[in-house]
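Chemist: what would the 3D arrangement of this be:
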Amino acid sequence: MSVDVTKLASGLTVITDNMPHLETAALGVWSGVGGRDEKVDEHGISHLLEHMAFKGTARRSALQIAEEIEAVGGDLNAATSTETTAYYARVLKADVPLALDVLSDILTHPTFDAEELEREKSVIEQEIGAAQDTPDDVVFEHLSELAYPDQPMGRSLLGTPETLRGFNRDKLRSYLHTHYRAPDMVVSAAGAVDHKQVVAEVEKHFAEFKGPEAPKPQPATFGKGGTKVVRRDLEQAHLTMALEGLPQSDPSLFSLNVFVNILGGGMSSRLFQEVREKRGLCYTISTFHMPYSDTGFFGLYTGTDPNDASEMMEVIVDEINNAVETLTDAEINRAKAQMKAGLLMALESCSSRAEQLARHILAYGRPLTAEELIARIEAVSAESTRHAGHALLNRSRPAVVALGNGRGLESAVGIAEGLSRSVARARYH
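Modeler: Purely as a prediction, here's the structure:
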């Protein structure tokens, strides 16, 4: 694989990875704007803008956008996250110019038709309703609010019916003009692509995007933690926990990822083995870590019978505390092997590769090679993993949310205080 990078005079970055054994290409536009960039009265506008991009341009109707890509067997989609919004396509190699034409068109010449806008607001209201009917969506929404109180980082990406009603075409155009700036945008392509051709097409179609850089979002501040019980008439109790993690640039990030993987990263993880395999307390339990530009989010999720919620949380707290002190070389090597395999498997997909390259440019300003990433994984040791675990427990007080019914939920979330900073320090320092 051959990675080429060109930064245009406008500041927009074009990055490609030619994968000569493929006959298809994945390509897209990644902009460094997402939910955390929204003001209070803009809550949900990043996601709405992503939806409206496909609803018609000065050159194409919504139907024509879909028909042109699907007529060549391609696929077109988009996604909004906390820090980025992406618009991407998968096509045959001969249709790369068409895909870039369509992607540029939906971002440079959207019409934001009034009827389409009202219809899409209704669609997103249905999406909000569907999320409210999904317990694991609801519980993480409350957890985010508790972890990042009164901040864009703590709000749902979907917005609310009330904020959606306040959006019109002028507000969408203003948000697009303010935040979609060339220095904060990346066009990434992988698969059957020619770098010079992609650069030429981008220079032609994306000329309207210029600098200066978009305004930076407010710094994220992990809150004071605490507990919350949300009452719902459900069969299960849904338990979640958050701790302040690490930003993307932190040198301890890979060690923390190994620690998180050992805790709840798969069927061999400590929590899965103890909680499900030995005790039968749940169907699923997992941990994860999401790094952002200036913060990180460690999360844990499980569901259990409400009568078992307290026992479940006791086991979780004990396992996390014990893991810091009793990590084994076998566990660390297994976690590192899983991380390396996941990295290399992703490189075999042109869609994953295009996304990875774009995210690297936005996060680090350059693409990280597979060899460099593997070296960082290999450099993780028992000592660095243990240190990362200690730091995780000492960095913040846990935020804990339980969703469901039953008398044991208050007790369950209270048990999580066993991971508080003062307890961790008293035990381990």
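
Chemist: can you pull the pLDDT of the residue lying closest to residue 416 once chain neighbours are set aside?
Modeler: Leaving aside its chain neighbours, residue 416 sits nearest to residue 400 (4.2 Å; criterion: Cβ to Cβ, 6 or more residues apart in numbering). (C-beta placed from N, C-alpha, C; glycine too.) You'll see residue 400 listed with a pLDDT of 97.

Chemist: A strand includes residue 400, no?
Modeler: Yes: counting by DSSP: H, G, I helix; E, B strand; the rest coil, residue 400 falls inside a strand.

Chemist: apart from its neighbours in sequence, what residue is nearest the residue nearest in space to the middle of the chain?
Modeler: In the chain, the centroid-proximal residue (Cα atoms, centre = their mean) is residue 81; its distance is 5.6 Å. Counting by Cβ to Cβ, 6+ apart, residue 81 lies nearest to residue 34, which is 5.1 Å off, once chain neighbours are set aside.

Chemist: if we can go back for a sec, which pLDDT value belongs to the residue nearest to the centre of the chain?
Modeler: According to the prediction, residue 81 has pLDDT 97.

Chemist: how about the strands in the stretch 151-300 of the chain?
Modeler: With DSSP state E, counting those that start in this stretch, the ranges of strands along the stretch 151-300 of the chain come out as 185-191, 226-231, 237-244, 285-291, 296-304.

Chemist: do the same with the stretch 301-429 of the chain
Modeler: Along the stretch 301-429 of the chain, counting by DSSP E, counting those that start in this stretch, strands occupy 399-404.

Chemist: so where's it uncertain?
Modeler: For the stretch 301-429 of the chain, the stretches with pLDDT under 70 are 420-429.

Chemist: residue 358 touches residue 15, doesn't it?
Modeler: Yes: under the criterion of Cβ atoms under 8 Å, residue 358 makes contact with residue 15 at 7.0 Å.

Chemist: overlap of the contact sets of those two?
Modeler: 186, 188 (Cβ atoms under 8 Å, 6 or more residues apart in numbering).

Chemist: who has more neighbours out of those two?
Modeler: residue 358 (28 against 24; other Cβ atoms under 10 Å).

Chemist: contacting residues for the residue nearest to the centre of the chain?
Modeler: Counting by Cβ under 8 Å, 6+ apart, residue 81 has contacts 34-35, 157.

Chemist: swap in residue 32?
Modeler: Residues in contact with residue 32, defined by Cβ under 8 Å, 6+ apart, are 83-84, 184-185, 214, 362.

Chemist: hmm, 10 Å instead?
Modeler: Residue 32 makes contacts with 83-85, 179-181, 183-186, 213-214, 216-217, 293, 358-359, 361-363, as judged by Cβ atoms under 10 Å, 6 or more residues apart in numbering.

Chemist: what's the closest non-adjacent residue to it?
Modeler: Leaving aside its chain neighbours, residue 32 sits nearest to residue 184 (4.1 Å; criterion: Cβ to Cβ, 6+ apart).

Chemist: correct me if wrong: the one you found contacts residue 293.
Modeler: No: Residue 184 is beyond contact range of residue 293, at 11.7 Å (criterion: Cβ atoms under 10 Å).

Chemist: quick one: the helices in the stretch 201-350 of the chain?
Modeler: Counting by DSSP state H, counting those that start in this stretch, the segments of the stretch 201-350 of the chain that form helices are 253-264, 270-271, 309-326, 329-347, 350-364.

Chemist: and the angle from the last one to strand 285-291?
Modeler: By that I understand helix 350-364. Angle between the axes of helix 350-364 and strand 285-291 is 50 degrees (criterion: axes from the mean of the first three to the mean of the last three Cα atoms, to 10 degrees).

Chemist: could you dump helix 350-364 to PDB, C-alpha only?
Modeler: Output of helix 350-364 as PDB, limited to C-alpha atoms (Å, rounded to 0.1, in the frame of the first residue of the first chain):
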ATOM      1  CA  CYS A 350     -10.500   0.200   1.700                       C
ATOM      2  CA  SER A 351     -13.400   1.800   3.600                       C
ATOM      3  CA  SER A 352     -11.700   1.400   7.000                       C
ATOM      4  CA  ARG A 353      -8.500   2.500   5.500                       C
ATOM      5  CA  ALA A 354      -9.900   5.700   4.100                       C
ATOM      6  CA  GLU A 355     -11.600   6.500   7.400                       C
ATOM      7  CA  GLN A 356      -8.400   5.800   9.400                       C
ATOM      8  CA  LEU A 357      -6.300   8.000   7.200                       C
ATOM      9  CA  ALA A 358      -8.700  10.900   7.500                       C
ATOM     10  CA  ARG A 359      -8.900  10.600  11.200                       C
ATOM     11  CA  HIS A 360      -5.100  10.500  11.500                       C
ATOM     12  CA  ILE A 361      -4.800  13.800   9.500                       C
ATOM     13  CA  LEU A 362      -7.500  15.500  11.700                       C
ATOM     14  CA  ALA A 363      -6.000  14.200  15.000                       C
ATOM     15  CA  TYR A 364      -2.200  14.200  14.300                       C
END
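
Chemist: heads up, I number from 47, so please use that
Modeler: Okay, residue one is now 47; in that scheme the one you just asked about reads as helix 396-410.

Chemist: relative to helix 375-393, how tilted is that helix?
Modeler: 110 degrees.

Chemist: which other helices and strands contact helix 396-410?
Modeler: strand 48-53, strand 59-64, strand 70-77, strand 131-138, strand 231-237, helix 375-393, helix 416-424 (3 or more Cβ pairs under 10 Å, 6 or more residues apart in numbering; DSSP states H and E).

Chemist: could I get those in TSV, plus columns for distance to residue 435?
Modeler: Conversion of the helices and strands packed on helix 396-410 to TSV gives the following (distance: least, Cβ to Cβ, whole Å):
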stretch	distance to residue 435
strand 48-53	34
strand 59-64	35
strand 70-77	32
strand 131-138	33
strand 231-237	34
helix 375-393	11
helix 416-424	17
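
Chemist: could you identify which of those is most buried?
Modeler: Sort the helices and strands packed on helix 396-410 by mean neighbour count, taking mean count of other Cβ atoms under 10 Å, and strand 231-237 sits at the top with a mean of 28.

Chemist: hmm, back to that, just the buried residues of the contacts of residue 127.
Modeler: 80-81, 203 (16 or more other Cβ atoms under 10 Å).

Chemist: residue 282 reaches residue 347, doesn't it?
Modeler: No: between residue 282 and residue 347 there is no contact under Cβ under 10 Å: 11.7 Å.
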